[in-house]
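**Student:** okay, sequence plus prediction incoming.
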Amino acid sequence: MQPSISVITLAVDDLERALVFYRDGLGWPTAGIVGTQYEYGAVVFFDINPGLKLALWPRASLARDTGLSLAEPTSTNMLLSHNVAERDQVDAVFAQALAAGASQVKAPQTVFWGGYAGYFSDPGGHLWEVVFNPAWPS
């Protein structure tokens, strides 16, 4: 199998609230909620990078579609990282996320491996890292 990811789906409890956070708070363009003509089909898509989308889909819909039990979410199941080219950009992106309604998990700070990073959770509890890695070319 060729390594490839084309969609990252975040399961959310409140689709409208998640849409407002990413679209209005972070400024990510989207067509909004689509698929409402289908039972359990409402979903939001954002174009992240060429060939990569972020989807927001209700947890109840994901559980129904997969046949899995609806379980309590936990923030430590997965981490999404937003890498930036300059150390100062970490603080700017972090502040924008907090202003949009994110919760601070760990304030940006120098980390043990020489980078600079902070953690926040979106309104659905998904954990994000904003990070500058000086070893990666910008």
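**Tutor:** Nice, thanks for sending it over. Just so we're clear, the structure is a prediction, and the values are computed from it rather than from any experiment.
**Student:** C-alpha only now, for contacts and for neighbours.
**Tutor:** Will do.
**Student:** just the strands in this protein please.
**Tutor:** Ranges of strands in the chain, per DSSP state E, are 7-12, 33-34, 43-49, 52-58, 79-84, 103-110, 116-121, 127-132.
**Student:** in the fifth one, which residues are buried?
**Tutor:** The one in question is strand 79-84. Of the residues in strand 79-84, those scored as buried under the neighbour-count criterion (16 or more other CA atoms under 10 Å) are 83, 84.
**Student:** and if you look at the longest one?
**Tutor:** Of the residues in strand 103-110, those scored as buried under the neighbour-count criterion (16+ other CA under 10 Å) are 103, 104, 108.
**Student:** what helices and strands are in contact with that strand?
**Tutor:** In terms of contacts (3 or more CA pairs under 8 Å, 6 or more residues apart in numbering; DSSP states H and E), strand 103-110 is packed against helix 87-100, strand 116-121.
**Student:** likewise for the fourth one?
**Tutor:** With contacts taken as 3+ CA pairs under 8 Å, 6+ apart, strand 52-58 sits against strand 7-12, helix 15-19, strand 43-49.
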